[in-house]
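Asks: how would this look folded up:
(2 chains)
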Number of protein chains: 2
Amino acid sequence: MKQKPEIRSVTTIAKGQLLAIEGVELQFPNGKSATFERIATAGPAVMVVPITDEGLLMVHEYAVGTDRYELGFVKGRIDFGESPEAAALRELKEEVGLGANELTYVREMHGVPHYSDFRMHLFFARDFYPEKLQGDEIEPLAQSNWRFDEIDDLLYHHQINDPRVLLALCLVKKWLKD
Amino acid sequence: MKQKPEIRSVTTIAKGQLLAIEGVELQFPNGKSATFERIATAGPAVMVVPITDEGLLMVHEYAVGTDRYELGFVKGRIDFGESPEAAALRELKEEVGLGANELTYVREMHGVPHYSDFRMHLFFARDFYPEKLQGDEIEPLAQSNWRFDEIDDLLYHHQINDPRVLLALCLVKKWLKD
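Replies: You can find the predicted model right below:
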């Protein structure tokens, strides 16, 4: 394993309500030093892929980064003191009105490791029953169903730009094959 | 197509050297309003997957967001006035000392659409010749070669946390199959 740069200091350069920019002063093993910027966030999130007998349930949510509706999966922040599993089950109830009897942890996914510690836990959910919880969504999320044989096309769908959603699709495909 | 929220104003809340936080005041079609935060960045980047006869060439680069070395592909920002193709060919020469006779555009990839306009253009490169250009890397990037039959394992490699790298691996796999 290669020796890591040493972090000499981390300074909050600028702060919003939700996001903050940090300056990280680094000393590299080769003697060079540099200050890198990164985004500090409010803790991890979850993404949940609801898998039915026929295919996948997706949601349409407005994304402010790209200013358009993105086709994606149920997701949300983990509340303080909440487990990732509990957050996944809660978000399913809030965003699509479903409880799940089966929840499988898949992997951790980062956003942009070179710029931020953004990360989320990916789950697959199956075996559903109706249960609606009120969430903090500013508008109800439209839903759409996709067949398993449409996953290859979804990898090039113009409304799917979040690489974590695309990765989740790849991993569902692999899981179906195995 | 669903009606989008209207952007009433965009304000720079906080600014670093490289990154800035914007507050976006939104009016939703249902009458509700809210201010969402997003990260403004310095323009698009490129990612290039070098495909040899035997497999894939990857690089090891320190990521400040996660404070560890990430296994990934050649990447970098597009210089002012430069085309994505020129940036891809330049980054290959700078990061791994290779020119490429064949460059294929694959797709655009975003970082985190709900928080930022981070985006990069993904290319596959083939048919190489040695040519080194000096880049702005603070340390030379270690390289490693991976066989095509190792791609499935790479999807769960602990040093690959950038979902765009994982997506690129999925798309290489699909491209090899087709």
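Asks: quick one: end-to-end distance for stretch A:44-58.
Replies: Length of stretch A:44-58, first residue to last, Cα to Cα, to the nearest Å: 21 Å.
Asks: ignore what I typed, I meant stretch A:70-88.
Replies: End-to-end for stretch A:70-88, by Cα to Cα: 19 Å.
Asks: could you list the buried residues of that stretch?
Replies: Neighbour-count burial for stretch A:70-88, counted by 16 or more other Cβ atoms under 10 Å in any protein chain shown, picks out A:E70, A:L71, A:G72, A:F73, A:V74, A:K75, A:G76, A:R77, A:I78, A:P84, A:A87, A:A88. C-beta: built from backbone N, CA, C; applies to glycine.
Asks: wait, does that stretch contact chain B?
Replies: Yes - Stretch A:70-88 reaches chain B (Cβ under 8 Å from any Cβ of the partner chain) through A:E70.
Asks: what does stretch A:167-178 give?
Replies: Yes - counting by Cβ under 8 Å from any Cβ, chain B is contacted by stretch A:167-178 at A:L167, A:C170, A:L171, A:K174.
Asks: most neighbours of all those, which one?
Replies: Within the residues of stretch A:167-178 next to chain B, most neighbours by other Cβ atoms under 10 Å in any protein chain shown means A:L167, with 24 neighbours.
Asks: check contacts around that one.
Replies: By Cβ atoms under 8 Å, 6 or more residues apart in numbering or on different chains, the residues touching A:L167 are A:M109, A:L122, B:P163, B:L166, B:L167, B:C170.
Asks: and which of the residues of stretch A:167-178 next to chain B is nearest chain B?
Replies: Chain B lies nearest to A:C170 out of those, by Cβ to the nearest Cβ, at 3.9 Å.
Asks: what residues are up against the closest one?
Replies: A:L155, B:L155, B:L166, B:L167, B:C170.
Asks: what about the residue in chain A that chain B sits nearest to, which SS state?
Replies: Residue nearest to chain B within chain A: A:A14 (3.0 Å; Cβ to the nearest Cβ). When classified by DSSP: H, G, I helix; E, B strand; the rest coil, A:A14 comes out as strand.
Asks: and it, how many neighbours?
Replies: 18.
Asks: next one: A:R126
Replies: 14.
Asks: show me where chain A has strands.
Replies: A:6-15, A:20-27, A:33-40, A:45-50, A:55-63, A:68-72, A:74-77, A:98-110, A:119-130, A:142-147 (DSSP state E).
Asks: want to throw those strands into TSV with mean pLDDT?
Replies: As requested, the strands of chain A are exported to TSV (pLDDT from 0 to 100):
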stretch	mean pLDDT
strand A:6-15	94
strand A:20-27	94
strand A:33-40	92
strand A:45-50	97
strand A:55-63	96
strand A:68-72	94
strand A:74-77	95
strand A:98-110	94
strand A:119-130	96
strand A:142-147	96
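Asks: out of those, which is the most enclosed?
Replies: strand A:45-50 (a mean of 24; mean count of other Cβ atoms under 10 Å in any protein chain shown).
Asks: okay, domains of chain A per the record?
Replies: A:6-40, A:45-177 (automatic domain parsing).
Asks: sorry, back to before: dump the buried residues of stretch A:70-88 into JSON lines; add distance to A:G97 as well.
Replies: Shown next, in JSON lines, are those (distance: Cβ to Cβ, whole Å):
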{"residue": "A:E70", "distance to A:G97": "20"}
{"residue": "A:L71", "distance to A:G97": "18"}
{"residue": "A:G72", "distance to A:G97": "17"}
{"residue": "A:F73", "distance to A:G97": "15"}
{"residue": "A:V74", "distance to A:G97": "11"}
{"residue": "A:K75", "distance to A:G97": "16"}
{"residue": "A:G76", "distance to A:G97": "14"}
{"residue": "A:R77", "distance to A:G97": "19"}
{"residue": "A:I78", "distance to A:G97": "20"}
{"residue": "A:P84", "distance to A:G97": "21"}
{"residue": "A:A87", "distance to A:G97": "17"}
{"residue": "A:A88", "distance to A:G97": "15"}
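Asks: related to what we said a few turns ago, can I get the residues of stretch A:167-178 next to chain B in JSON lines including distance to B:K2?
Replies: Shown next, in JSON lines, are the residues of stretch A:167-178 next to chain B (distance: Cβ to Cβ, whole Å):
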{"residue": "A:L167", "distance to B:K2": "25"}
{"residue": "A:C170", "distance to B:K2": "26"}
{"residue": "A:L171", "distance to B:K2": "28"}
{"residue": "A:K174", "distance to B:K2": "31"}
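Asks: looking at the residues you listed, spot the one nearest A:L57.
Replies: A:L171 (16.0 Å; Cβ to Cβ).
Asks: so A:L71 makes contact with A:L155?
Replies: No - the criterion here is Cβ atoms under 8 Å, and A:L71 misses it with A:L155 at 11.9 Å.
Asks: returning to that earlier point: let me see the contact set for the residue of chain A closest to chain B.
Replies: A:A20, A:I21, B:I13, B:A14, B:K15, B:G16, B:A20, B:I21.
Asks: what's the closest of these to B:Q134?
Replies: Relative to B:Q134, the closest of the contacts of A:A14 is B:G16; by Cβ to Cβ it sits at 26.3 Å.
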